[in-house]
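Student: this is a predicted model, with the sequence first.
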Amino acid sequence: MYLKSNNLKCLVEYFMKKSIILLFFFYSIGLVGQNFLANPSFEEFNKCEEFGSKCAPEAWFRIPPEDLTVSSKVKKRPHKGKISEILVIENTKHPLSRRVFIYTKILCPLVKGNKYKLSFFLNNLDRKHYKVEALFSEEELIAGVQNPLNFKPSLIFTLEQETRNFEGEEWKKVASTYTATGEEKFLTLGYFSKKEFRVSPEEVSNSKGDVIILVDDIELKPLDPTEQICSEFEMEKLNLFSQNYRHTLKISVDSVPKVATFVTPEWKNNFFESPKEEEAEEKEIEEKPTIVFKNRTWCEKDTIVFEIPFVAFDFDQIQIKDKFKSRLDSFAMQIEYLNPEKIQYIGHTDSMGAAIYNQKLSTSRAKSVQKYLKRFDYFKNAKEEIIGKGESSPKADNKTLEGRQLNRRVEIVIFKKKKT
């Protein structure tokens with residue numbers, strides 16, 4: 001009996017030692033296999049200061065920074081958890097200029113000559129072909145400063161690289177190996193080619209012309225089993241998580257604006273679970289006709305400016321929303337009564353996007369308003385002028401979301417008829 005008990009004791013001690021060795025072994029593997037990217041599944045959300053909501057994943061940034069209103073006719077079904085991220089690899093209506101990229105700062109320096117595996121899950125939305133590209137760079141592609149199309153990607157992911165053991169599922173894993181130069185600090189995902197990416201009409205994701213790819217669970221891991229996690233790993237992650245600006249041009253992930261123009265607002269719901277800001281603000285617009293110029297008295301050399309704000313249009317659209325048309329109807333009836341000499345339609349945009357495109361958009365919106373008012377007899381023969389000022393005449397600071405909203409407008413200027 002004693003012998004059996006002693007053997008049992010020895011056996012327990014043996015397995016305890018083995019367990020410690022195994023725990024140490026697996027702990028070491030955990031260090032070696034550490035992901036060098038923060039918030040790889042996008043589940044942790046940042047409270048963006050100037051947007052006033054949980055609008056972007058922690059540690060990740062978009063180019064352009066404000067492009068959160070990308071909508072698709074498919075639900076954002078994540079690979080795991082609740083959130084996935086969007087890449088717009090092309091916009092068929094505005095090729096090259098309306099792509100959306102995401103990027104992050106790498107948590108540890110990559111060792112020159114060492115190999116690293118970049119992998120992620122991808123939902124190509126049943127497309128026959130696509131290209132998602134990755135750029136490792138020393139330079140941060142700050143929105144409004146660097147054009148991603150001026151960079152050559154480091155890795156390319158295509159349909160042929162999808163892991164086949166996930167056949168039949170929406171999400172497929174793609175992976176590729178990268179050899180470090182030792183100068184990498186940032187990782188950017190998107191489509192960098194200066195050639196238009198062409199797809200069939202069935203492969204376009206929404207009425208805006210976006211060609212969308214969903215990504216989730218991104219990993220960047222060293223292949224060298226001896227490479228250890230760096231000492232600055234946690235500090236870099238903390239710095240990324242503390243960066244609360246996601247919609248301001250020319251802001252680096254390592255800095256914040258010198259002057260914060262936005263007081264911390266009351267937080268809205270998660271952006272992905274709430275309507276667009278433009279749609280939400282429509283509720284403030286009365287559907288009944290309102291008096292635009294109540295008891296208005298003309299003065300010599302007088303002009304009146306009637307402003308059509310951004311809520312009258314959907315994002316990047318020129319058609320006037322039905323809910324705003326009653327305002328224009330009321331305006332038209334009173335203008336006919338005042339009988340002005342001339343009417344100007346002046347379109348404006350914010351500073352987001354290319355200046356040439358903004359010029360065309362501002363002119364198109366001004367023409368859209370003019371066309372609508374032609375429904376009224378007086379406007380059919382009125383002396384009119386169309387002016388598109390693009391981003392050249394802001395009324396507010398383009399560095400803030402609120403300022404950019406105020407700048408997206410159409411002004412109708414009416415001039416008093418001079419006495420003869």
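Tutor: Okay, I see it. Numbering: from 1, shown residues only.
Student: ok, the residue lying closest to residue 395 once chain neighbours are set aside - contacts?
Tutor: Spatial nearest neighbour of residue 395, chain neighbours left out: residue 406 (5.6 Å); criterion: CB to CB, 6 or more residues apart in numbering. All C-beta spots, glycine's among them, are computed from the backbone N, C-alpha and C. For residue 406, the contacting residues are 309-310, 395-396, by CB atoms under 8 Å, 6 or more residues apart in numbering.
Student: report the mean per-residue pLDDT for the helix or strand hosting residue 406.
Tutor: Per DSSP states H and E: residue 406 is located in helix 401-407. Mean pLDDT, helix 401-407: 79.
Student: separation between residue 129 and residue 86?
Tutor: For residue 129, the distance to residue 86 equals 19 Å [CB to CB, to the nearest Å].
Student: same check, this time on residue 136
Tutor: Taking CB to CB, one finds residue 136 at 21 Å from residue 86.
Student: swap in residue 204?
Tutor: Distance from residue 204 to residue 86, by CB to CB: 14 Å.
Student: could you check the pLDDT of residue 108?
Tutor: For residue 108, pLDDT reads 95.
Student: ok, the nearest residue to residue 349 once chain neighbours are set aside - how many residues close by?
Tutor: Counting by CB to CB, 6+ apart, residue 349 lies nearest to residue 358, which is 4.2 Å off, once chain neighbours are set aside. Residue 358 has 22 neighbours, counted by other CB atoms under 10 Å.
Student: how about residue 317?
Tutor: Every residue meeting other CB under 10 Å relative to residue 317 is counted, giving 15.
Student: check the one 3 residues further on too.
Tutor: Residue 320 is flanked by 20 other residues according to other CB under 10 Å.
Student: check residue 43 too.
Tutor: 16.
Student: hang on, residue 80 packs against residue 41?
Tutor: Yes - if you go by CB atoms under 8 Å, residue 80 and residue 41 touch, sitting 6.5 Å apart.
Student: ok, those two, which is more surrounded?
Tutor: Neighbours around residue 80 and residue 41, counted as other CB under 10 Å, are more numerous at residue 41. The numbers are 19 against 12.
Student: quick one: contacts for the more buried one?
Tutor: Listed by CB under 8 Å, 6+ apart, the contact partners of residue 41 are 78-81, 83, 216-217.
Student: what's the answer for residue 38, then?
Tutor: The contact partners of residue 38, taken as CB under 8 Å, 6+ apart, are 58-59, 104, 107, 236-237, 240-241.
Student: of those residues, buried ones?
Tutor: Taking 16 or more other CB atoms under 10 Å as the criterion, what is buried in the contacts of residue 38 is 58-59, 104, 107, 236-237, 240.
Student: what is the least confident helix or strand in this protein?
Tutor: When each helix and strand of the chain is scored by mean pLDDT, DSSP states H and E, helix 277-281 comes last, with a mean of 38.
Student: and the next element down the chain from that helix?
Tutor: Once helix 277-281 ends, the next helix or strand along the chain (criterion: DSSP H and E) is strand 303-308.
Student: list the buried ones in that next one?
Tutor: Result for strand 303-308 [16+ other CB under 10 Å]: buried residues 304, 306, 308.
Student: domain ranges for this protein?
Tutor: 32-273, 277-415 (automatic domain parsing).
Student: in the stretch 151-300 of the chain, where is pLDDT below threshold?
Tutor: Low-confidence segments of the stretch 151-300 of the chain, defined by pLDDT under 70: 163-168, 247-249, 256-300.
Student: can we see that at 80?
Tutor: Scanning the stretch 151-300 of the chain for pLDDT under 80 picks out 161-169, 244-251, 255-300.
Student: show me where it has helices.
Tutor: Using DSSP state H, counting those that start in this stretch, the helices found in the stretch 151-300 of the chain span residues 233-241, 277-281.
Student: please name every helix or strand in contact with the longest one.
Tutor: Helices and strands in packing contact with helix 233-241 are listed as strand 101-105; criterion 3 or more CB pairs under 8 Å, 6 or more residues apart in numbering; DSSP states H and E.
Student: alpha carbons of the strand it packs on, as PDB, please.
Tutor: C-alpha atoms of strand 101-105 as PDB (Å, rounded to 0.1, in the frame of the first residue of the first chain):
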ATOM      1  CA  PHE A 101      -8.300  53.000 -47.400                       C
ATOM      2  CA  ILE A 102      -7.700  52.000 -43.800                       C
ATOM      3  CA  TYR A 103      -4.400  52.000 -42.000                       C
ATOM      4  CA  THR A 104      -2.700  51.500 -38.600                       C
ATOM      5  CA  LYS A 105       0.700  51.900 -36.900                       C
END
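Student: residue 326: what secondary structure?
Tutor: Put simply, residue 326 is helix when judged by DSSP: H, G, I helix; E, B strand; the rest coil.
Student: go on, the one 3 residues further on?
Tutor: Following three-state DSSP, the label given to residue 329 is helix.
Student: distance of residue 189 from residue 197?
Tutor: For residue 189, the distance to residue 197 equals 15 Å [CB to CB].
Student: follow-up on the earlier one: pLDDT-wise, what's the bottom of the buried residues of strand 303-308?
Tutor: Among those, residue 304 has the lowest pLDDT, at 72.
Student: before we move on, the earlier item: let me know the closest of the contacts of residue 406 to residue 117.
Tutor: residue 310 (44.4 Å; CB to CB).
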